[in-house]
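Colleague: this one's structure only:
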């Protein structure tokens, strides 16, 4: 009986081979349903769309059939200027919105880390924007930036900063920043909350010691808080980059990619190819390119994170 | 556990009950926007269900911008999610080529066909075959604020040149800052509105051989007209981010003297609950150009089609026939006029909508269709991008239209293969 049981590498169950096997089987039985479920709803469609991206599937040209074209869809896309300009726009959106969210988030986290009356109420209120559905957030900001009766215009006018109402969403440069503002408003609370959690792991003694040594607030922020927040910040950065690079909802609601394509980010381009033009294979290829870009970014970040932790 | 068993029993009973009744369930996809309002469609459906207890109808409503995508996803999957869909007049070519629409040419009688406006029939026709029942009869109109025109002693304008003159006066006398509002948001809207100026000037987009020529002549002039008068502050700069709902809001708030929109704005702009200028909104024929046409309006007709994936095409057709019937269309004429010619002389209908019927009868003579090609979605996108590039000053009108032509040619070549 015992000889039939393969030796266990870990040696954790020196006599319990049967028990271990039973446990393994039990574990499999527990995992299997969700594994099958995930397989059906994630891996099967992924495989299908990969296959789709290698064929020419264009529903508006049924006469052309659906021949195998290899990487032609990918090459076509990589050669087109439209793809690269939307990648550039997406990158701009990602970098600017994350930079603002990080700085704002850090200051909010620092504030909420201090002891003052009403802190817990403020902490829960902070989550409000994050709890809103993105579509609601986008519709709200579209109204705020409205050229004829938007609150943003009213504010600037009452402060005397502008003479008359400006159509913010109709100028390519300002439209992109309106979209960024909507994203920042929604996501900063999340960033602040994650950083706050990181802040709470920093021992008080360090600050006390710094104070004894005569370091000011700014110096202890720079020398203690930020370095020790490093790992948390990297996690936030990874999460946010992956999210921001796939931004779609805000653009769809606020600008539809306009004016003059100023906010046509890469996810919007993909949506247009697949669902507006019915070029399903090009849409699939574009999605895979986004996946590839995001995967490379994630890889770079995790490398950087490892290095940091070793340090 | 006991609760679970009783729940299962309940579900079983409900399922069994539904089967026992033997109801055929069909589902319809409609839009929540211009034309018949959601409450209208729900009421029509209730009435139909009373007559046909053997049928059950499930309704879904989405914004116009989502309608195309919903249909594409449902039809491409072939799952039969929807039996009846609302079809915009720019989609028959695209959807029929994809094989998603049931050919209903033989279901509509000759007699009925003769009584429907040909312009409306063309909204559901592709290559001579009928892919749906015309239903929503709509095209655009011109709207003006009576009070503002009276303030400068102006007569209702017939041509755009007169509109511009009045607009200048209104602006100079500070009656309204931006006298004209139009829907130039990136998407189908800016293309439609530009086409209306192109056709009013007497132009077309393609030459006789079918080559795109919008980088010269009237199409270019039309774009220059838009850019020039926006620079002058006669068109509201917010036109660039506006769609039809924005036009309606700006016009109804008394922030514009002139506006272009679909039929539905007329009753809403004169409804005190929805408008600050109720009673002053006048509907009129869209102005033309003295050296071009008297007027031009875009065909925005929509039809009801059956998807080929439907399990119950006959019941779906009965439902469609009811929605498009003369009685129903007459009863719900407030937000959309009937498709039936004979109803336009019906005294009851005229009594319901005296002004609208009068203007509609004249405006229909100047209706035009957008190009009916399977690659229209792409052409429209190219045009909307290039028009916006010119309107936002990223390009000159000439540059933008040159680019539109070369991009349109690329698409056409792909389809010619």
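Modeller: Thanks, I have the structure now. Note that the structure is predicted; figures quoted are calculated from it, not measured.
Colleague: contacts and neighbour counts: CA atoms only from here.
Modeller: Fine.
Colleague: can you give me the pLDDT of residue B:398?
Modeller: For residue B:398, the model assigns a pLDDT of 97.
Colleague: that's a strand at it, yeah?
Modeller: No - using DSSP: H, G, I helix; E, B strand; the rest coil, the assignment for residue B:398 is helix, not a strand.
Colleague: tell me, how many residues neighbour the nearest residue to it once chain neighbours are set aside?
Modeller: Nearest residue to residue B:398, sequence neighbours excluded (Cα to Cα, 6 or more residues apart in numbering or on different chains): residue B:215, at 6.3 Å. Here the number of neighbours of residue B:215 (other Cα atoms under 10 Å in any protein chain shown) works out to 21.
Colleague: gap between residue B:215 and residue B:208?
Modeller: Distance of residue B:215 to residue B:208, computed by Cα to Cα, to the nearest Å: 15 Å.
Colleague: coming back round to it: isn't the residue nearest to residue B:398 right up against residue B:407?
Modeller: No - judged on Cα atoms under 8 Å, residue B:215 makes no contact with residue B:407 at a distance of 11.8 Å.
Colleague: wait, what's in contact with the residue nearest to the spatial centre of chain B?
Modeller: By Cα atoms, centre = their mean, chain B has its centre lying nearest to residue B:300, at 3.6 Å. Counting by Cα atoms under 8 Å, 6 or more residues apart in numbering or on different chains, residue B:300 touches B:88, B:89, B:123, B:137, B:138, B:139, B:140.
Colleague: what residues does the stretch 301-417 of chain B put near chain A?
Modeller: B:374-375, B:377-378, B:384-389, B:392, B:394, B:415 (Cα under 8 Å from any Cα of the partner chain).
Colleague: in helices, which of the residues you listed fall?
Modeller: Mapping those onto helices (DSSP state H) picks out B:377, B:378, B:384, B:385, B:386, B:387, B:388, B:389, B:415.
Colleague: pipe those into TSV and attach neighbour count, pLDDT and distance to residue B:322 per row.
Modeller: Output for those, formatted as TSV (neighbours: other Cα atoms under 10 Å in any protein chain shown; pLDDT from 0 to 100; distance: Cα to Cα, whole Å):
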residue	neighbour count	pLDDT	distance to residue B:322
B:377	19	85	31
B:378	19	88	35
B:384	26	93	37
B:385	24	92	40
B:386	28	95	42
B:387	30	96	41
B:388	30	94	42
B:389	24	93	45
B:415	13	79	39
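Colleague: the biggest helix by length in chain A - what's its average pLDDT?
Modeller: Using DSSP H to define each element, chain A has its longest helix at helix A:81-113. For helix A:81-113, the mean per-residue pLDDT is 94.
Colleague: so which elements touch it?
Modeller: With contacts taken as 3 or more Cα pairs under 8 Å, 6 or more residues apart in numbering or on different chains; DSSP states H and E, helix A:81-113 sits against helix A:119-126, helix A:172-199, helix A:226-245, helix A:266-271.
Colleague: now with 7 Å, please.
Modeller: Applying 3 or more Cα pairs under 7 Å, 6 or more residues apart in numbering or on different chains; DSSP states H and E, one finds that helix A:81-113 contacts helix A:172-199, helix A:226-245, helix A:266-271.
Colleague: so where's the chain uncertain?
Modeller: Answering for chain A, as no chain was given. Per-residue confidence for chain A (pLDDT under 70) gives these ranges: A:1-17, A:62-63, A:307-311.
Colleague: wait, chain B
Modeller: If you take pLDDT under 70 as the line, chain B has these spans: B:1-21, B:417.
Colleague: how about the residues of it near chain A?
Modeller: B:69, B:72, B:94, B:97-98, B:186, B:237-238, B:240-241, B:374, B:377-378, B:385-386, B:388-389, B:392 (Cα under 7 Å from any Cα of the partner chain).
Colleague: interface residues of the stretch 101-250 of chain A facing chain B?
Modeller: Residues of the stretch 101-250 of chain A lying near chain B (Cα under 7 Å from any Cα): A:147, A:167, A:169, A:170, A:171.
Colleague: which of those residues tops the neighbour count?
Modeller: For those, the largest number of neighbours (other Cα under 10 Å) sits with residue A:170, at 29 neighbours.
Colleague: and the helix or strand encompassing residue A:76, which residues are buried?
Modeller: For residue A:76, the host element (DSSP states H and E) is helix A:72-79. Across helix A:72-79, burial judged by 16 or more other Cα atoms under 10 Å in any protein chain shown covers A:72, A:73, A:74, A:77.
Colleague: so which elements touch that helix?
Modeller: helix A:280-310.
Colleague: give me the buried stretch members for the helix it packs on, please.
Modeller: For helix A:280-310, the neighbour count (16+ other Cα under 10 Å) marks A:280-290, A:294, A:298, A:301, A:305 as buried.
Colleague: show me the domain layout of the chain.
Modeller: Unless you meant another one, I'm taking chain A. Segmentation of chain A into domains, based on automatic domain parsing, reads A:2-42, A:73-310.
Colleague: I was after chain B.
Modeller: Split by automatic domain parsing, chain B gives B:25-138+B:300-368, B:140-298+B:375-416.
Colleague: deepest-packed of these, please.
Modeller: Here the criterion is mean neighbour count by mean count of other Cα atoms under 10 Å in any protein chain shown, and of the domains of chain B the winner is domain B:140-298+B:375-416, at a mean of 20.
Colleague: got the end-to-end distance for that one?
Modeller: One end of domain B:140-298+B:375-416 to the other measures 33 Å (Cα to Cα).
Colleague: stretch A:107-120 now?
Modeller: 17 Å.
Colleague: run through who's touching it.
Modeller: If you take Cα atoms under 7 Å, 6 or more residues apart in numbering or on different chains as the criterion, stretch A:107-120 is touched by A:123, A:192, A:193, A:195, A:196.
Colleague: counting neighbours, what do you get for the fourth one?
Modeller: Here the neighbour count serves as a burial measure; for residue A:195 (other Cα under 10 Å) it reads 25.
Colleague: all set now, cheers.
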